[in-house]
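Chemist: my questions are about this predicted structure, shown below with the sequence.
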Amino acid sequence: MTLLSLQDLSVVLDTPEGPATVLDRVSFDLAAGESLGIVGESGCGKSMTALAVMGLLPDAARCTGRIDFEGRDLLALDEQALCALRGRCIAMVFQEPMTALNPVKSIGYQVAEGLRWHLGLGRGEAAARAVKLLDRVGLPQPRFSPDLYPHQLSGGQRQRVVIAMALACDPALLIADEPTTALDVTSQAEILALIAEVTAASGMALMLITHDLAVVWQNTAAMLVMYAGAVAERGTTAEVFARMAHPYTRGLLAASPGALGDILPAGRRLATIPGQVPDPQDRPTGCVFAARCARAAADCLPRPPAERVLAPGHAVACLHPHEEETVL
Ligand SMILES: Nc1ncnc2c1ncn2[C@@H]1O[C@H](COP(=O)(O)OP(=O)(O)OP(=O)(O)O)[C@@H](O)[C@H]1O
């Protein structure tokens, strides 16, 4: 059953420099309990996609298209209805745990808060449930008392508290936006494993946003490659990795650090993708990647390429895609 469906979602921000198209006709479906990785360089619109789903876009944003969640059009909901949905049905884990945590409230209080607000639990019951949730995310008693404050924890432990808060109301969808960027390497792997484990165990859908292909490979069944606010390539993670078709996806692979670990030979020389993401105030009329693309030809310039299906579960928006298998 489709849980979340974006149909031709475009977002234009009014900026002092003029209108900026930060999302351009983004469409995808996410089924209940499934995992989707959204990958791309900085500035490709990954966070904007997450914020649009959460109803947290800046005031200057104008949206067209649809975002359906459990059959309801989110763009048509008022702030009160969105507030009821956030945390209860859709939860989010951000990059930096301190943005989600209140430094002057205990961790037990903060985990219990959602339970009281959304589920109407009494103080005692919410506190007892908070202790169980902290245990669930690897912060057991008595070492991790609910009376601790965020500053008494490490970065990884704080992100565990944020995950406990996200799980509190058993939402249908968890959005994790670069959840490990602020953490050391060991904690990164642990937190990603925890997110994958808790979402799978509770049948929660996961939208995992990252700039790192390795994170997608290891944690999500399906993936979406975004470039300059548009979808460049999509499919099951296995299918896309086997035959990366978009030159941008191949560029991301070539630029991936050794973090691809098991699937990339150690010591491989890293390439960078020349050039930069176009300015959202000044998007080209044709393929947005053409200026950086070694395969670009004259037919890429007049209009953006329509997406085409390469195989069941694999599509690309490119007129000159790679057809050969990916060499990892
Ligand atoms: N408040 C804002 N006003 C104007 N432009 C913005 C604003 N927030 C983001 N943008 C622009 O929107 C585009 C998409 O940004 P977004 O944050 O979604 O990218 P991202 O892929 O998540 O990158 P990152 O990995 O750096 O978070 C970028 O060009 C960014 O400069």
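Modeler: Cool, got the structure.

Chemist: show me the longest helix that occurs in this structure.
Modeler: In the chain, assigned by DSSP state H, the helix with the most residues is helix 185-201.

Chemist: for the protein, just list every one of the helices.
Modeler: 46-54, 79-85, 97-100, 107-119, 123-136, 155-167, 185-201, 213-219, 237-242, 247-254.

Chemist: just put the ones you listed in CSV and tack on distance to the ligand and mean neighbour count.
Modeler: The way it works is simple: take the backbone N, C-alpha and C, and place the C-beta from them, glycine included. Listed next are these as CSV, based on distance: least, Cβ to the nearest ligand atom, whole Å; neighbours: other Cβ atoms under 10 Å:
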stretch, distance to the ligand, mean neighbour count
helix 46-54, 3, 22
helix 79-85, 18, 13
helix 97-100, 13, 17
helix 107-119, 25, 21
helix 123-136, 28, 17
helix 155-167, 17, 25
helix 185-201, 15, 17
helix 213-219, 12, 23
helix 237-242, 18, 20
helix 247-254, 12, 22
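
Chemist: can I get those helices in JSON lines with distance to residue 14 and mean pLDDT?
Modeler: Converted to JSON lines, these look like this (distance: least, Cβ to Cβ, whole Å; pLDDT from 0 to 100):
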{"stretch": "helix 46-54", "distance to residue 14": "14", "mean pLDDT": "94"}
{"stretch": "helix 79-85", "distance to residue 14": "20", "mean pLDDT": "90"}
{"stretch": "helix 97-100", "distance to residue 14": "25", "mean pLDDT": "87"}
{"stretch": "helix 107-119", "distance to residue 14": "33", "mean pLDDT": "93"}
{"stretch": "helix 123-136", "distance to residue 14": "40", "mean pLDDT": "95"}
{"stretch": "helix 155-167", "distance to residue 14": "31", "mean pLDDT": "94"}
{"stretch": "helix 185-201", "distance to residue 14": "35", "mean pLDDT": "91"}
{"stretch": "helix 213-219", "distance to residue 14": "32", "mean pLDDT": "92"}
{"stretch": "helix 237-242", "distance to residue 14": "35", "mean pLDDT": "96"}
{"stretch": "helix 247-254", "distance to residue 14": "28", "mean pLDDT": "93"}
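
Chemist: for residue 146, find the nearest of those helices.
Modeler: helix 107-119 (2.2 Å; Cβ to Cβ).

Chemist: give me the contacts around the closest one.
Modeler: Identification of contacts with helix 107-119 by Cβ atoms under 8 Å, 6 or more residues apart in numbering yields 84, 87-88, 101-102, 105, 121-123, 125-127, 129-131, 133-134, 139, 144-150, 153, 161, 164-165, 168-169.

Chemist: could you do stretch 197-206 as well?
Modeler: Residues outside stretch 197-206 that contact it (Cβ under 8 Å, 6+ apart): 3-4, 30-36, 136-137, 163, 167, 170-174, 176, 195-196, 219-220.

Chemist: do the same with stretch 136-154
Modeler: 97-98, 101-109, 111-112, 127, 130-131, 134-135, 157-158, 160-161, 163-164, 167, 187, 190, 194, 198.

Chemist: just want the most central residue of the protein.
Modeler: Residue closest to the average C-alpha location in the chain (Cα atoms, centre = their mean): residue 209, at 2.4 Å.

Chemist: correct me, but it touches residue 174?
Modeler: No. Using Cβ atoms under 8 Å, residue 209 is not in contact with residue 174, being 11.3 Å away.

Chemist: can you give me the offset of stretch 54-64 from its chain's centre?
Modeler: Stretch 54-64 sits 17 Å away from the centroid of its parent chain (Cα atoms, centre = their mean, to the nearest Å).

Chemist: mind listing what's buried in it?
Modeler: 54, 55, 57, 61 (16 or more other Cβ atoms under 10 Å).

Chemist: among those, which lie within strands?
Modeler: Within those, residues falling in strands by DSSP state E are residue 61.

Chemist: redo the buried residues of stretch 54-64 as TSV? Include distance to residue 283.
Modeler: Shown next, in TSV, are the buried residues of stretch 54-64 (distance: Cβ to Cβ, whole Å):
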residue	distance to residue 283
54	25
55	25
57	18
61	16
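
Chemist: before we move on, back to that, dump the helices of the chain to a markdown table, plus distance to residue 281.
Modeler: What follows is the helices of the chain, written out as a markdown table (distance: least, Cβ to Cβ, whole Å):
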| stretch | distance to residue 281 |
| --- | --- |
| helix 46-54 | 15 |
| helix 79-85 | 28 |
| helix 97-100 | 27 |
| helix 107-119 | 38 |
| helix 123-136 | 44 |
| helix 155-167 | 34 |
| helix 185-201 | 34 |
| helix 213-219 | 28 |
| helix 237-242 | 30 |
| helix 247-254 | 21 |
